[in-house]
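**Student:** structure for the following, please:
(one chain, ligands or ions: 2)
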Amino acid sequence: MTHILAIDQGTTSSRAIIFDAKLTPLASAQSEFAQHFPASGWVEHAASDLWVSVAGVARAAIEKAGLHAGDIAAIGITNQRETTLIWDRKTGQPLHRAIVWQDRRTAGMCEQLRAEGHEPMIAARTGLLLDPYFSGSKVKWLLDNIDSARDRAKRGELAFGTVDSWLIWNLTGGKVHATDATNAARTLLFNIATNRWDEDICALLDIPMALLPEVRDCADDYGKTRADLFGREIPILGVAGDQQAATVGQACFVPGMMKSTYGTGCFALLNTGGQMVPSTNRLLTTIAYRLGGRTTYALEGSIFIAGAVVQWLRDGLRLIRNAAETQGLAEAADRTQELVLVPAFTGLGAPYWRPDCRGAVFGLTRSSGPAEFARAALESVGFQTRDLLEAMRADWPDAAAGVLRVDGGMAASDWTMQFLADILGAPVDRPRVTETTALGAGYLAGLGAGLCPEPEEFARDWALERRFEPAMPQPEREARYIRWKKAVNATMGAA
Ligand SMILES: Nc1ncnc2c1ncn2[C@@H]1O[C@H](COP(=O)(O)OP(=O)(O)O)[C@@H](O)[C@H]1O
Ligand SMILES: O=P(O)(O)OC[C@H](O)CO
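**Tutor:** Ligands and ions are numbered 1, 2, ... in the order given. A predicted model of the protein is given here:
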């Protein structure tokens, strides 16, 4: 039993990776599932799709690695965060499709709670803001909109969970209803200072506490899988939300270390150690990981559109056939043009939190073409990261000197990573293993199984593939950033 199965349940696909005890990836499988958009701004996943795709890729990865369940010492789970499910404890049937983190249906509810003055109390306890992004308002919406759901919840007949809990429930055949501290920290219902569900917030949202899962450490006992699923029971020993798992996979264990993951969106987490740093710049205070009952906190900046802007060039504008083509286009762009693209397609996330904004392009000329659009799209990811870094530096001066560790699909873009280093004025480090989310989940499970070393030793094995050093002259860096800020202000003004 020397292998680990990492399950990464993401927004657009489910992945499973088999690692050996040294955390070398051996085999993987991936499966996409349907996105449901029942109304403007609404995003749902069928709960059964999430579970069935995970069970499928897990089996496929074990088989591809030429292994049997008996070879797997532990399972680690990492997942899209905040996405909300409620199911019947007796039948295991979901009451509704999962409401996805991107879903904006509860914007009005959040606005009303803010108008009633509840945000300071909620922010102080949860580290979050009153935004539809988080699970709390989604749970309330489900209880408000499904017949007799609240009464049934009060009677203890129903269970709420983020995706990790839903998968644990199904993997264990309904024996375990649990979540980990990082996922709990994204619900808006969890007090991150006391590490307990918050009775006052639950009462405010009229959410019966009987719905809530038990909160455990990131490396902990989450029960065993049903024997019939993989041919034998396998213990589940690691769980973390995907951005927190990436923080672990990037070995950001020391306060001041920071990672940024560039997938569909971009999520930057700065380790602040045992210190729960409140943000005065509209970042989130969250749990980076909880090990051995000890909580390590982080400041987080969440950007909703990063790699998705490249998808827009491909699918919306049809300027490219694949993401990698942006590199050649950006290199060929006319440097005298000053196109600025603000990709607020679904509003702006941190540090602006303006769900009402929509995208804008500034500086168009007659000769602006695909190359200039591609360059502006890639640059927008750098500028947005700079916004986050500025906010982090203001909230926590220890962040100033940092190197940024990057991962996610878009980190493959050399041009984007060089621009990122240029506009941040800080080095950007790309590791050899860029599947850091699954690596983090695999490590947590391996830690739980006693297969993997303590964090300090794991951190020593983190290997650099390439460092991008800032090369842009300081006056140009500042002039370009000022132009970006003006573009964002104009975009917000137009909303
Ligand atoms: N070479 C590249 N240049 C620019 N963007 C890229 C490149 N390769 C992938 N991407 C972008 O990265 C994203 C995919 O990253 P991934 O980590 O798989 O995302 P997710 O987990 O959110 O689905 C896509 O949005 C894609 O446009
Ligand atoms: O599934 P991803 O990689 O898009 O990540 C989603 C985040 O966890 C949302 O907070």
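**Student:** got the residues of the stretch 351-495 of the chain near ligand 1?
**Tutor:** Contact residues of the stretch 351-495 of the chain with respect to ligand 1, defined by C-beta under 6 Å from any ligand atom, are listed as 408-410, 412-413. In short, each C-beta sits where N, CA and C put it, glycine included.
**Student:** now secondary structure and neighbour count too, for those, in a markdown table please.
**Tutor:** Rendered in a markdown table, the data for those read as follows (DSSP: H, G, I helix; E, B strand; the rest coil; neighbours: other C-beta atoms under 10 Å):
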| residue | secondary structure | neighbour count |
| --- | --- | --- |
| G408 | coil | 24 |
| G409 | helix | 15 |
| M410 | helix | 24 |
| A412 | helix | 17 |
| S413 | coil | 21 |
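**Student:** ok, these vs R15, which is closest?
**Tutor:** Using C-beta to C-beta, the shortest approach to R15 within those belongs to G409, at 12.0 Å.
**Student:** tally up the residues packed near G316, please.
**Tutor:** 11 (other C-beta atoms under 10 Å).
**Student:** give the contact list for it.
**Tutor:** Under the criterion of C-beta atoms under 8 Å, 6 or more residues apart in numbering, G316 has no contact partners.
**Student:** now with 10 Å?
**Tutor:** Under the criterion of C-beta atoms under 10 Å, 6 or more residues apart in numbering, the contact partners of G316 comprise 308-309, 345.
**Student:** in the residues you listed, which residue is surrounded by the most others?
**Tutor:** Each of these was scored by neighbours using other C-beta under 10 Å; the highest score is V309's, at 25 neighbours.
**Student:** give me the phi and psi for that one.
**Tutor:** Dihedral angles of V309 (phi, psi; degrees, to the nearest 10) stand at phi -70, psi -30.
**Student:** quick check: the gap between it and P343.
**Tutor:** Separation of V309 from P343 (C-beta to C-beta, to the nearest Å) stands at 4 Å.
**Student:** list the residues that are in contact with both of those two.
**Tutor:** Each of 359, 376-377, 380-381, 384 lies in contact with both V309 and P343 under the rule C-beta under 10 Å, 6+ apart.
**Student:** so which of the residues you listed belong to helices?
**Tutor:** When the shared contacts of V309 and P343 are checked against helices using DSSP state H, the ones located there are 376-377, 380-381, 384.
**Student:** most neighbours of all those, which one?
**Tutor:** For those, the largest neighbour count, defined by other C-beta under 10 Å, is 30 neighbours, found at Q384.
**Student:** show me which residues of stretch 100-119 are buried.
**Tutor:** 100-107, 109-110, 113, 118-119 (16 or more other C-beta atoms under 10 Å).
**Student:** quickly check: it near ligand 1 or not.
**Tutor:** No. Contact of stretch 100-119 with ligand 1 is not found when judged by C-beta under 6 Å from any ligand atom; the minimum separation is 11.1 Å.
**Student:** first-to-last residue distance for that stretch?
**Tutor:** 22 Å (C-alpha to C-alpha, to the nearest Å).
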